[in-house]
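A.B. asks: Build me a model from this:
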Amino acid sequence: MAQTLLQLMQQAANELGIPEPSQIVGAQDEQSKQLLALAQREGKDFSVMANKNGGWQALHKEYEFTTVVETQTGTITSGSAVVTGLSDTSVLAVQVFGASANGIANNSIIVSIDSPTQVTLNQVATASGTVSINFGKIAYPMPSDLEYFVQRTWWDNTYKWELLGPITAQEKQILKYGIIASGPRSKFYIRNGLMYLNPMPEDSGQLFAYDYFSNAFCESATGTPQRSWVADTDVYRLDEDCFIMGIKWRFLRAKGLDYSQEKSDYETDCQRVMARDGGNRDLPIAGGTYGARFLNYDNIPEGNFPSTP
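C.D. replies: I've put the predicted structure just below:
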């Protein structure tokens, strides 16, 4: 069973030979405040220690989101960026929703919501009339505990292909303002903590997913991921022995005492834990390929595939 922050710090205190704390978070004595600060630093530093080796498996997560498209009837006027006669603009948002319809320029985005029935786009209409307009959400929030992405894990589950990106600023400008507006593949870029899709989705419920590593090295007693300790009952999500050893050498250093042996022991134990975390693949010394084989010479029959199972 996982130990709480208070239990871990009491164990570290006992090994250091200092008074065992009865409280860490919210304690007013200077030593408890220092222990909490060291616990925050150890958690943050240890959570990213394995990044060069692929990251801690306990912090490896998958995130899914679905596209949102609102279809409404509105009136457009050639040479004007204003759209009137909409049924409900409360479901829309500035710089978050794009617009698509006959007579609306490509890559049009809502730049202001003027009233419950009117919005203004960033580009003028090329025709006049009352048309059915798809307002597609182009900007999506990312996980609140995101530390970094796992590359090449962005996938469009609806169409079963990999998303292209993150595209560069130059590629984004070409797609927005160039002659070729887009291609058959969905693309994305990251700005201001949001994931922007290109082209604008035309269908609601399209599923996208990607892997990432969390910065939440601890969690509450009820299982809520956290990027810092906020209560004595919080639980560490990573290796507890490494945590205690990390507190020990950091405490000795903070007090101006010799900590060389404690840090050496800590680094040795961290290397052991990293080497075993998540398992390891075999490395064939005789060459050849290794990994998922979907269709290659090992499973292609000689001649033709059978016409019946």
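
A.B. asks: The nearest residue to residue 91 once chain neighbours are set aside: what secondary structure?
C.D. replies: Once flanking residues are discounted, residue 91 sits nearest to residue 70: 5.3 Å by Cβ to Cβ, 6 or more residues apart in numbering. All C-beta atoms are positioned from the backbone trio N, CA, C, and that covers glycine. Put simply, residue 70 is strand when judged by DSSP: H, G, I helix; E, B strand; the rest coil.

A.B. asks: Would you confirm that residue 70 contacts residue 132?
C.D. replies: No: contact between residue 70 and residue 132 fails when scored by Cβ atoms under 8 Å: they sit 11.3 Å apart.

A.B. asks: What pairs with whichever strand or helix holds residue 74, parallel or antiparallel?
C.D. replies: Residue 74 is part of strand 69-76, with elements assigned from DSSP states H and E. Strand 69-76 has the following strand partners under DSSP bridges: strand 82-84 (antiparallel), strand 129-137 (antiparallel).

A.B. asks: what comes up buried for it?
C.D. replies: Neighbour counts over strand 69-76 (16 or more other Cβ atoms under 10 Å) mark 69, 70, 72, 74, 75, 76 as buried.

A.B. asks: again, but for stretch 120-138
C.D. replies: By neighbour count on 16+ other Cβ under 10 Å, the buried set for stretch 120-138 is 121, 122, 125, 131, 133, 134, 135, 136, 137, 138.

A.B. asks: which of those residues sit farthest apart?
C.D. replies: 125 and 137 (21.0 Å; Cβ to Cβ).

A.B. asks: For the stretch 151-300 of the chain, give me the ranges with low pLDDT.
C.D. replies: 181-182, 283-300 (pLDDT under 70).

A.B. asks: Which parts of it are helices?
C.D. replies: For the stretch 151-300 of the chain, the helices defined by DSSP state H, counting those that start in this stretch cover 169-177, 240-254, 260-276.

A.B. asks: who does the last one touch, helix- and strand-wise?
C.D. replies: Other elements packing on helix 260-276 under the criterion 3 or more Cβ pairs under 8 Å, 6 or more residues apart in numbering; DSSP states H and E are helix 30-49, helix 240-254.

A.B. asks: now the first one
C.D. replies: With contacts defined as 3+ Cβ pairs under 8 Å, 6+ apart, the packing partners of helix 169-177 are strand 187-191, strand 194-198.

A.B. asks: how big is the angle separating the first one from strand 194-198?
C.D. replies: Same thing as strand 187-191. Computed by axes from the mean of the first three to the mean of the last three Cα atoms, to 10 degrees, the angle separating strand 187-191 from strand 194-198 equals 150 degrees.

A.B. asks: give me phi/psi at the spatially most central residue of the chain?
C.D. replies: Residue closest to the mean C-alpha point of the chain, counted by Cα atoms, centre = their mean, is residue 146 at 4.1 Å. Backbone torsions of residue 146, given as degrees, to the nearest 10, read phi -70, psi 130.

A.B. asks: pretty sure it is touching residue 214, no?
C.D. replies: Yes: if you go by Cβ under 8 Å, residue 146 and residue 214 touch, sitting 7.3 Å apart.

A.B. asks: which residues do the two both contact?
C.D. replies: With Cβ atoms under 8 Å, 6 or more residues apart in numbering applied, the contact sets of residue 146 and residue 214 do not overlap.

A.B. asks: Show me how far stretch 85-96 is from its chain's centre.
C.D. replies: Taking Cα atoms, centre = their mean, to the nearest Å, the mean C-alpha location of stretch 85-96 is offset from the chain mean by 27 Å.

A.B. asks: Please save the CA atoms from it in PDB.
C.D. replies: What follows is stretch 85-96 as a C-alpha-only set of coordinates in PDB (Å, rounded to 0.1, in the frame of the first residue of the first chain):
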ATOM      1  CA  GLY A  85     -29.800  35.600 -38.200                       C
ATOM      2  CA  LEU A  86     -28.100  32.800 -36.200                       C
ATOM      3  CA  SER A  87     -30.100  30.800 -33.700                       C
ATOM      4  CA  ASP A  88     -27.700  30.700 -30.800                       C
ATOM      5  CA  THR A  89     -24.200  32.200 -30.500                       C
ATOM      6  CA  SER A  90     -23.800  31.200 -26.900                       C
ATOM      7  CA  VAL A  91     -22.400  27.800 -28.000                       C
ATOM      8  CA  LEU A  92     -19.700  29.600 -30.000                       C
ATOM      9  CA  ALA A  93     -16.400  31.200 -29.000                       C
ATOM     10  CA  VAL A  94     -14.000  33.800 -30.400                       C
ATOM     11  CA  GLN A  95     -10.800  32.400 -32.000                       C
ATOM     12  CA  VAL A  96     -12.000  28.900 -31.100                       C
END
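
A.B. asks: related to what we said a few turns ago, what's near enough to touch the residue nearest to residue 91?
C.D. replies: Residue 70 makes contact with 91, 92, 97, 134, 135, according to Cβ under 8 Å, 6+ apart.
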